[in-house]
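[1] need a 3D model of the following:
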Amino acid sequence: MKKITLAISGMSCGHCVVHVTNALKELSGVIDATVDLAGKKADITYDEATVDTAKMADAVKEAGYGVVEK
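    Presented below is the predicted three-dimensional model:
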């Protein structure tokens, strides 16, 4: 298991949080995802043998939000 924090752009309400959370949790290999609207971030616990950060970023983008590269 590994943990990562992704900076998320485009969220403005609680519905956005739910949408991003669901998009991440639907990915095979994502064990847990906690999305913080105020912090504009997602803390994700995942199995690195099953999913990578690119797939997680793609899921967020497909949900209609952005991932801010640091």
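
[2] where along the chain do the strands fall?
    For the chain, the strands defined by DSSP state E cover 2-9, 30-36, 41-46, 66-68.

[3] ok, the closest residue to residue 66 other than its chain neighbours - contacts?
    In space, and not counting its chain neighbours, residue 66 is closest to residue 9: 3.8 Å by CB to CB, 6 or more residues apart in numbering. The way it works is simple: take the backbone N, C-alpha and C, and place the C-beta from them, glycine included. Residues near residue 9 by CB atoms under 8 Å, 6 or more residues apart in numbering: 40, 65, 66, 67, 68.

[4] the nearest residue to residue 32 once chain neighbours are set aside bridge partners, please.
    In space, and not counting its chain neighbours, residue 32 is closest to residue 45: 4.4 Å by CB to CB, 6+ apart. Beta-bridge pairing of residue 45 under DSSP bridges involves residue 3, residue 32.

[5] surely residue 45 and residue 31 touch.
    Yes - under the criterion of CB atoms under 8 Å, residue 45 makes contact with residue 31 at 4.5 Å.
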